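[1] Predicted model and sequence below, questions to follow.
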Amino acid sequence: MRILHVGNIANNAYNNAKFLRRKGIEADVLCYSYRHIMAQPEWEDAEFEGQPDEFHPQWDAHDLGGFSRPAWFLQAELGPSGRTRRQRFQGQFRLERLLFQQPNFWLRAWAKLLECRRTGSHPSPRLLDVLRVYQHRKDFQRWFAGYDLIQAYATEPIHAWMFAPEKPYVAFEHGTMREIPFEDSARGRLLTLAYRQAGRVLITNPDVITSAQRLGLTNFQFIPHPVDETKYRPRPTLLRDQLANRYQTDLILFAPSRHNWALKGNDLLIRAFARLRKEVGRRAILILSDWGQEVDRSRALIGALELEPFVIWTLPLNKMKLIDYYNAADVVLDQFTLGVFGTVTPEAMACGKPVVLNFNRQVHEWCFPEMPPVLGARTEHEIFERMVEVSEDRGYAAAVGQSSREWVVKHHGWELVADRQVSVYRELLQR
């Protein structure tokens, strides 16, 4: 069984392939034309100092502690020859060149458009939608060759359906079903079709079941975000004492989520922290990550509330450093608007930490037989109350942290994630 995972946003494909290889599955990853730091194996598994360029990291400039990216991870670029990073094509592959110099391209694209329309998907893709994607047909056909099944992430199901019609494919949703299929755009129309034609759609965000139902999907099932609880685990760290001594604090709050007030509720968190400092008088610090669209708004709010001495900013942390910060913290705070969690919550829980977030139990009932022992909070006042609870009763906080790790191992562990995928593959390949 040879599986190709296509697209690697947030290293989801890399982690899934790594888990599957532990199970004896030959799983490879194709990450093309995307070099964001958080989509690189080094960000996930290497221990290093310094901050590489966010969009074009030069890993040779860093001591990676002996880590070497695996041979099964392919970094490639789109181009007329589909060359890898070692043979990058210099120039731009233009649609106009294909249209005017290769008349057969029109015929193939038109045939693909008719195939799209025969599926009955609504809204139906347009000719220009197909042309924009079809210009890269040779690249994807070359990359897909030799695999039994494609697992396609984000918008990659479009390419799996277009260029591997003889292979089953799995569409992996990680937040991409909330809005994209409903756009009046080429990717919206084509992704809707690709989701409907997929052998299976794997949903990692429980709330998007409403999107799946709106699209009329019946081919979906839930699978947790890939989190390795053997790596994310409780362990001693010198960072705890360093932070406590430097800032003379006995309560460390850690909120690594990006700054997007509408999605994460960072403003609610900051205001609740201000109340903890001023109304309760807790000697507490709040560690925030310096990334996201609204960092400046958060900084301005912190200044207005006179919190600068008690707020510690970090650059985005590679995952091995992130584990240190999880273990140094007394409590981890995630998001306060969506009602669901991504990877921050299970990573922190696996490290034995209590997590505060907005958690909608009803949304998760179709996914988990047992709800996670998270500390629910949606409003500024509720966040404040959870902060007070964990700071005043450390035994309670420790018990929540212990039960949190136990829940992750049982309901969110790497082996469960891998086994569910393998089960899907076997079912589709036997059809």
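    That came through fine. Numbers count the residues shown, from 1 in each chain.
[2] Tell me where the stretch 201-350 of the chain has helices.
    Listed from the start of the chain, the stretch 201-350 of the chain has helices (DSSP state H, counting those that start in this stretch) covering 209-214, 238-247, 261-264, 266-275, 295-304, 319-328, 344-350.
[3] so which of those is the most packed in?
    Scoring the helices of the stretch 201-350 of the chain by mean neighbour count under mean count of other Cβ atoms under 10 Å gives helix 344-350 as the most buried, with a mean of 28. Backbone N, C-alpha and C define where each C-beta goes, glycine included.
[4] For the lengthiest helix in the chain, name the packing helices and strands.
    Longest helix of the chain, by residue count under DSSP state H: helix 394-411. Contact here means 3 or more Cβ pairs under 8 Å, 6 or more residues apart in numbering; DSSP states H and E; on that basis helix 394-411 packs against helix 344-350, helix 380-392.
[5] Now the element after that helix, going C-ward?
    Toward the C-terminus, helix 394-411 is succeeded by helix 414-429 as the next helix or strand (DSSP states H and E).
[6] CA atoms of that following helix as PDB?
    In PDB, the C-alpha atoms belonging to helix 414-429 read as follows (Å, rounded to 0.1, in the frame of the first residue of the first chain):
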ATOM      1  CA  TRP A 414      -1.300   9.000  17.300                       C
ATOM      2  CA  GLU A 415      -2.200   5.300  17.000                       C
ATOM      3  CA  LEU A 416      -5.900   6.000  16.900                       C
ATOM      4  CA  VAL A 417      -5.400   8.600  14.200                       C
ATOM      5  CA  ALA A 418      -3.200   6.200  12.100                       C
ATOM      6  CA  ASP A 419      -5.500   3.200  12.600                       C
ATOM      7  CA  ARG A 420      -8.600   5.200  11.400                       C
ATOM      8  CA  GLN A 421      -6.800   6.300   8.300                       C
ATOM      9  CA  VAL A 422      -5.500   2.800   7.500                       C
ATOM     10  CA  SER A 423      -9.100   1.500   7.900                       C
ATOM     11  CA  VAL A 424     -10.300   4.000   5.300                       C
ATOM     12  CA  TYR A 425      -7.500   3.200   2.900                       C
ATOM     13  CA  ARG A 426      -8.300  -0.600   3.000                       C
ATOM     14  CA  GLU A 427     -12.000   0.000   2.500                       C
ATOM     15  CA  LEU A 428     -11.400   2.200  -0.500                       C
ATOM     16  CA  LEU A 429      -8.800   0.000  -2.100                       C
END
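[7] Can you tell me which helices and strands that helix packs against?
    Secondary structure elements in contact with helix 414-429, counted by 3+ Cβ pairs under 8 Å, 6+ apart, are helix 12-22, strand 149-153, strand 169-173, strand 200-203.
[8] one more time with 7 Å
    Using 3 or more Cβ pairs under 7 Å, 6 or more residues apart in numbering; DSSP states H and E as the contact test, the elements touching helix 414-429 are helix 12-22, strand 149-153.
[9] and these as TSV, adding mean neighbour count, mean pLDDT and distance to residue 335?
    Below are the helices and strands packed on helix 414-429 laid out as TSV (neighbours: other Cβ atoms under 10 Å; pLDDT from 0 to 100; distance: least, Cβ to Cβ, whole Å):
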stretch	mean neighbour count	mean pLDDT	distance to residue 335
helix 12-22	23	98	18
strand 149-153	25	98	21
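[10] mind showing which ranges of this protein have poor pLDDT?
    Scanning the chain for pLDDT under 70 picks out 80-103.
[11] Skip the chain neighbours and tell me the closest residue to residue 31.
    Spatial nearest neighbour of residue 31, excluding adjacent residues (Cβ to Cβ, 6 or more residues apart in numbering): residue 8 at 4.0 Å.
[12] Beta-bridge partners for residue 6, please?
    With DSSP bridges as the criterion, the beta-bridge partners of residue 6 are residue 30, residue 152.
[13] who's in contact with the closest residue to residue 384 other than its chain neighbours?
    The spatially closest residue to residue 384, leaving aside those adjacent along the chain, is residue 272, at 4.1 Å (Cβ to Cβ, 6+ apart). For residue 272, the contacting residues are 380, 383, 384, 387, taking Cβ atoms under 7 Å, 6 or more residues apart in numbering as the criterion.
[14] For the residues you listed, please prepare TSV with the additional fields neighbour count and distance to residue 139.
    Written out in TSV, the entries for the contacts of residue 272 read as follows (neighbours: other Cβ atoms under 10 Å; distance: Cβ to Cβ, whole Å):
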residue	neighbour count	distance to residue 139
380	19	49
383	26	47
384	21	52
387	28	51
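[15] between these, which is nearest residue 211?
    Taking Cβ to Cβ as the measure, residue 211 lies nearest residue 383 of these, at 27.6 Å.
[16] and the nearest residue to the closest one once chain neighbours are set aside, how far is that from residue 403?
    Once its chain neighbours are removed from consideration, residue 383 has its nearest residue in residue 272; the separation is 3.8 Å (Cβ to Cβ, 6+ apart). Between residue 272 and residue 403 the computed distance is 24 Å (Cβ to Cβ, to the nearest Å).
[17] Equivalent analysis for residue 37, please.
    To residue 403, residue 37 is 34 Å away according to Cβ to Cβ.
[18] related to what we said a few turns ago, any chance of the helices and strands packed on helix 394-411 in CSV, with distance to residue 198 too?
    Compiled in CSV, the helices and strands packed on helix 394-411 are given as follows (distance: least, Cβ to Cβ, whole Å):
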stretch, distance to residue 198
helix 344-350, 25
helix 380-392, 38
